[in-house]
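1. Next comes the sequence, and after it the predicted model I'd like to discuss.
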Amino acid sequence: MKCWLKRVQNSLVAGDEVAEAYVQKIPMGEFVEVDIRRPRNVQFHRKFFALLHVVFHNQERYEDFEAFRKEVTMRCGWWREHHHVTGKVSYEAKSIAFHKMDEIEFAELYEKAISVILEHFIPGIDVAALEREVREFGA
């Protein structure tokens, strides 16, 4: 069962009627396992893509946006190893889809992306100037 909880002081309580109904069915004192994930913020997702588009249009190495996005993502450490039946090992960017990452993971990816971009793609620009460009792009 998935449900919404909210933090109230040092406790988590039901965040909606569905969660309330479920919590009422749990016997007093019984333990339940909870997988805590903060839902993704769509505005933050758009900001990440605005960041990527600003940098993509200011670099000359990549002609394909998707290849550029995957390169940045992998340089941030968000990748997985793939072992082929031939014994070859390759690496591929992991998905950044909403159901694959929560808000905390995505925020970490965003912060790493800023560092990767400043180091590998547009050195010489500072964080404030980059953020300004992203805001002007529309995020």
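-> Perfect, I can see it now.

2. And the protein, what are its domain boundaries?
-> As assigned by automatic domain parsing, the chain contains the domains 1-36, 42-137.

3. Packed most tightly, which of those would that be?
-> Counting by mean count of other C-beta atoms under 10 Å, domain 42-137 has the highest mean neighbour count of the domains of the chain, with a mean of 14. Heads up, the C-betas are built off the backbone N, CA and C, glycines and all.

4. So for that domain, first residue to last residue, what's the gap.
-> 16 Å (C-alpha to C-alpha, to the nearest Å).

5. Compare the domains of the chain and say which comes out lowest on pLDDT.
-> Among the domains of the chain, domain 1-36 has the lowest mean pLDDT, at a mean of 85.

6. Please compute how far it lies from its chain's middle.
-> 25 Å (C-alpha atoms, centre = their mean, to the nearest Å).

7. now the end-to-end length of that domain.
-> End-to-end distance for domain 1-36: 13 Å, by C-alpha to C-alpha.

8. now swap in stretch 55-64 and tell me
-> The first residue of stretch 55-64 is 13 Å away from its last residue (C-alpha to C-alpha).

9. Residues touching it, excluding its own?
-> Residues from elsewhere that reach stretch 55-64, judged by C-beta atoms under 8 Å, 6 or more residues apart in numbering: F65, F68, R69, E71, V72, I117, F121, I122.

10. Which of these fall within helices?
-> Among these, the members found in helices (DSSP state H) are F65, F68, R69, E71, V72.

11. Enumerate every residue touching the third one.
-> R69 makes contact with L52, F56, A93 under the criterion C-beta under 8 Å, 6+ apart.

12. just to revisit the earlier point, from the contacts of stretch 55-64, pick the one nearest V23.
-> Nearest to V23 among these is R69, at 40.3 Å by C-beta to C-beta.

13. ok, so what distance separates the closest one from Q24?
-> Distance of R69 to Q24, given as C-beta to C-beta, to the nearest Å: 45 Å.
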